[in-house]
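In: A predicted structure for the sequence below; I have some questions about it.
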Amino acid sequence: MNVKFAVSTWLWTSPFTTDTVALFPKIKSMGYDAVEIPVEYPELIDGDTVKKALAANGLQAIVCGAFGPTRDLTNEDPSVHKVCFDYISQCFALCNVLDANFLAGPMYSAVGKARMVSAEQRKVEWERAVINIRKVCEMAQQHGLMIALEPLNRFESDLINTAEDVMRLIHDVNHDAARVLLDGFHMAIEERDLETAIVSVGDRLMHVQVSENYRGTPGTGQTAWPSLKAGLEKVNYNGVVSIESFTPEIKELAGAVCIWKNLAASQDGFASEGITFLKKLLNA
């Protein structure tokens, strides 16, 4: 297994703007191979400038989407779908500029959409997700890209929570561009066994995100890291493993992900200690 390592700029700031490239030298100096770029507002990002900064620091780009209530492909209003398609199209264009070969994220529905609804309503929303994600796959294919769909825990989504859920969606979508992002934080809540979940995804696994079970520094909590490693080895994963967490200093983002206090002594320490742990775990 020969994985690379990334960190999300969400660990320090939000939203990502062209000026966020100021973090790149520090990220590279910590030993990272790649940087996760969360695209909240595409209009704030000049792709050409970011591309130059990536090249100057020897970093690869991973592009992730952000899907709030106005970007909900399961909404009953088709005009909301259009807003989401337009946004995704902008993200695909950025992927092309930054030489990223996929767009990642929970793009099947809105983050935070967690309700108790009837089986009939659930079926309607599932079918909307299938139809609209197939359209997204067709858009991705036109850009020479793939998408990596991310299951979220039950407190953030009522549609796709597990590897089994996302593989059922991919089966129903039935398009080669549909792949999977697995996030160890969500898996620690939803999966019975990390290794089994990873193996069930197999060669559809496009990207991996990690933090501790409490969203803190990898290696400091209760996550079953040997199980995660065993799963990645069994599917011969050779992609990127990325640390994704957040800073309580950015109030809007912290509120959205329910982080009410510091999860590490410093965000720089979080990033540097996290990659040290992951390199020892996965490249030993």
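Out: The structure has been received and is ready for your questions. Just so it is clear, the structure is predicted and the values come from calculations on it, not from any experiment. Residues are numbered from 1 along each chain as shown.
In: can you pull out the helices in the stretch 151-284 of the chain?
Out: With DSSP state H, counting those that start in this stretch as the criterion, the stretch 151-284 of the chain has helices at 163-173, 184-190, 194-201, 225-234, 251-256, 267-282.
In: weakest of the ones you listed in terms of mean pLDDT?
Out: For these, mean pLDDT drops lowest on helix 251-256, to a mean of 88.
In: For it, which residues meet the burial criterion?
Out: Neighbour counts over helix 251-256 (16 or more other CB atoms under 10 Å) mark 253, 254, 256 as buried. Backbone N, C-alpha and C define where each C-beta goes, glycine included.
In: any idea how far residue 192 is from the second one?
Out: If you measure residue 254 against residue 192 using CB to CB, to the nearest Å, the figure is 30 Å.
In: among the helices of the stretch 151-284 of the chain, which is nearest residue 28?
Out: With CB to CB as the criterion, residue 28 lies closest to helix 267-282 of the helices of the stretch 151-284 of the chain, at 11.4 Å.
In: From the chain's centroid, how far away is that closest one?
Out: Counting by CA atoms, centre = their mean, to the nearest Å, helix 267-282 is centred 18 Å from the centre of its parent chain.
In: which residues sit against it?
Out: Residues from elsewhere that reach helix 267-282, judged by CB atoms under 8 Å, 6 or more residues apart in numbering: 1, 3, 5, 7, 11-12, 26-27, 30-32, 210-211, 216-220, 225, 229, 232, 241, 243, 245, 247, 263-264.
In: What subset of the residues you listed is buried?
Out: Looks like these have 3, 5, 7, 11-12, 27, 30, 32, 210-211, 216-220, 225, 229, 232, 241, 243, 245, 247, 263-264 buried, using 16+ other CB under 10 Å.
In: picking up where we left off before, and of the buried residues of helix 251-256, the nearest to residue 167?
Out: Closest to residue 167, out of all of the buried residues of helix 251-256 and judged by CB to CB, is residue 256, at 26.8 Å.
In: residues contacting the closest one?
Out: 111, 112 are the contacts of residue 256 under CB under 8 Å, 6+ apart.
In: now it: how far from residue 228?
Out: 25 Å.
In: The one helix or strand residue 103 maps to packs against which elements?
Out: Assessed by DSSP states H and E, residue 103 sits inside strand 102-105. Packed against strand 102-105 by the contact rule (3 or more CB pairs under 8 Å, 6 or more residues apart in numbering; DSSP states H and E) you find strand 60-65, helix 78-98, strand 146-149, strand 178-183, strand 205-210.
In: center of the protein, which residue is that?
Out: Nearest to the geometric centre of the chain sits residue 105, at 4.5 Å (CA atoms, centre = their mean).
In: quick one on the thing from earlier: can I get the buried residues of helix 251-256 in TSV with distance to residue 143?
Out: Shown next, in TSV, are the buried residues of helix 251-256 (distance: CB to CB, whole Å):
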residue	distance to residue 143
253	28
254	33
256	28
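In: out of those, who's nearest residue 124?
Out: Nearest member of those to residue 124, counting by CB to CB, is residue 256, at 26.1 Å.
In: helix/strand/coil for the residue of the chain positioned farthest from its centre?
Out: The C-alpha centroid of the chain is most remote from residue 120, which lies 29.2 Å away (CA atoms, centre = their mean). Under DSSP: H, G, I helix; E, B strand; the rest coil, the three-state class of residue 120 is helix.
In: Residue 1 contacts residue 236, correct?
Out: Yes. Assessed by CB atoms under 8 Å, residue 1 is found in contact with residue 236 at 6.8 Å.
In: which ones are touching residue 13?
Out: 20, 23, 247, 250.
In: mind checking how far it is from residue 122?
Out: From residue 13 to residue 122 the distance is 36 Å (CB to CB).
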